[in-house]
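Trainee: Structural data only, the sequence is not supplied:
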């Protein structure tokens, strides 16, 4: 009895279904006004300021035209109109809320406290304002805030959606890789977030294809024999087989009994069968999250330690440090393989 949820989404715009008014030109919000408004803290309550920016929630920011002209080509153009013109008045009513303009102005002003990192809920209106008023500095600041690891860990999909709409390829690629953690590939799809309603279907499709390619690269690395490959070296008398150090520490001893069978997949390596089991489990984990960190966790390597303790010789010869070292090398190989996969990025905004 499963039914498809159907919603008429309408035409795509960069400000769809968001509390930013559809009219994005600041010119239409300019007018002389003497109405009451909410005061603000310094330095935006300067009585000598020659411009008031009045937000949609009724907050007045008293600023200087000179600063706004330097920060925004849009504001510079406003102030080129003849004195007395509607577009050269002392009050500019804008569509954004006060918390958005508080962040913008604290970035622009040479005095006062620097703005703290914006709340993720403000990324969208800040990026839209940066686009509307052509403020490259605000755009870059929001981009860097979105790429902080703590933000990517919890809001990767939101970051990816906004990066695709506002042309931020670095943020899109970082978010695409981070999106594997909060949304395992075989788990329940994430709830729809508002920002997804502005993301083009093709952007989401590219994210899905990128994840699939990363899974293919990670599992191909796991299934490859390169990790267990030996080298033939001349020792001055004859050719001898040389194994990497992380392999020799795990090789099967002649004293190991029937309870510790040799590797089935890598018979010439001298490894034990529980290494095969570890690789098989890791492949399943990599299909959920194609990242090296999933193969080096305590849960991942714990069964190897338990299996090694079953064999008396293994329990004496193999220490946990050898197993951890092997898992870390394995994880590095996987991450290197996944890093070779690139996300196709296109600007999907209008």
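Mentor: Great, that's in hand. What you see is a predicted model, and the numbers here were worked out from it, not measured in a lab. Numbers count the residues shown, from 1 in each chain.

Trainee: mind checking the longest helix of the chain?
Mentor: helix 201-223 (DSSP state H).

Trainee: From the chain's centroid, how far away is that helix?
Mentor: Remark: helix 201-223 is offset 15 Å from the chain centroid, using Cα atoms, centre = their mean, to the nearest Å.

Trainee: Stretch 334-342 too?
Mentor: Per Cα atoms, centre = their mean, the centroid offset for stretch 334-342 relative to its chain is 16 Å.

Trainee: Name the residues of the longest helix of the chain that come out as buried.
Mentor: Neighbour-count burial for helix 201-223 flags 203-204, 206-207, 210-211, 213-219, 221-222 (criterion: 16 or more other Cβ atoms under 10 Å). C-beta here means a position set from N, CA and C on the backbone, and glycine is covered the same way.

Trainee: can you pull out the strands in this protein?
Mentor: 51-54, 60-63, 91-93, 231-234, 239-242 (DSSP state E).

Trainee: In the stretch 251-350 of the chain, where is pLDDT below threshold?
Mentor: By pLDDT under 70, the low-scoring segments of the stretch 251-350 of the chain are 251-259, 266-270, 312-313, 315-317, 319, 348-350.

Trainee: any idea where the helices of it begin and end?
Mentor: 273-288, 298-310, 312-317, 320-339 (DSSP state H, counting those that start in this stretch).

Trainee: Between those, which one is closest to residue 167.
Mentor: Comparing those against residue 167 with Cβ to Cβ, the closest turns out to be helix 320-339 (23.3 Å).

Trainee: Which residues outside that closest one are in contact with it?
Mentor: Helix 320-339 has contacts (Cβ atoms under 8 Å, 6 or more residues apart in numbering) with 177, 214, 217-218, 220-222, 226-227, 244, 246-247, 249-250, 282, 286, 290-293, 295-296, 300-301, 304-305, 308.

Trainee: Walk me through the domains of this structure.
Mentor: 13-117, 226-339 (automatic domain parsing).

Trainee: While we're on the spatially most central residue of the chain, how confident is the model there?
Mentor: For the chain, the residue nearest the mean C-alpha position is residue 175 (2.2 Å; Cα atoms, centre = their mean). Looking at residue 175, its pLDDT is 94.

Trainee: give me every residue that touches it.
Mentor: Residue 175 touches 146, 147, 152, 156, 157, 159, 160, 163, counting by Cβ under 8 Å, 6+ apart.

Trainee: residues touching the closest residue to the third one other than its chain neighbours, list them.
Mentor: On the basis of Cβ to Cβ, 6 or more residues apart in numbering, the spatially nearest residue to residue 152 that is not a chain neighbour turns out to be residue 178, at 3.8 Å. Neighbour list for residue 178: 149, 152, 153, 156, 159 [criterion: Cβ under 8 Å, 6+ apart].

Trainee: Which residue ranges of the stretch 51-200 of the chain form helices?
Mentor: 65-71, 73-78, 98-108, 123-132, 136-146, 149-166, 169-178.

Trainee: Can you lay out those helices as TSV showing distance to residue 192?
Mentor: Shown next, in TSV, are the helices of the stretch 51-200 of the chain (distance: least, Cβ to Cβ, whole Å):
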stretch	distance to residue 192
helix 65-71	35
helix 73-78	33
helix 98-108	23
helix 123-132	15
helix 136-146	19
helix 149-166	10
helix 169-178	17
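
Trainee: what's the closest of those to residue 38?
Mentor: helix 98-108 (7.4 Å).

Trainee: State the distance from the closest residue to residue 172 other than its chain neighbours to residue 150.
Mentor: Excluding its sequence neighbours, the residue lying closest to residue 172 (Cβ to Cβ, 6+ apart) is residue 163, at 3.7 Å. For residue 163, the distance to residue 150 (Cβ to Cβ, to the nearest Å) stands at 17 Å.

Trainee: Around residue 138, how many other residues sit close by?
Mentor: If you count neighbours by other Cβ atoms under 10 Å, residue 138 ends up with 23.

Trainee: just residue 136 next, same as before
Mentor: Count around residue 136 with other Cβ under 10 Å applied: 11.

Trainee: Quick check: the gap between the residue nearest to it when sequence neighbours are not counted and residue 263.
Mentor: Distances taken as Cβ to Cβ, 6+ apart put residue 130 closest to residue 136, at 7.4 Å, once the chain neighbours are dropped. Applying Cβ to Cβ, the value for residue 130 to residue 263 is 57 Å.

Trainee: returning to what we had before: buried ones among the contacts of residue 178?
Mentor: The neighbour count (16+ other Cβ under 10 Å) marks 152, 156, 159 as buried among these.
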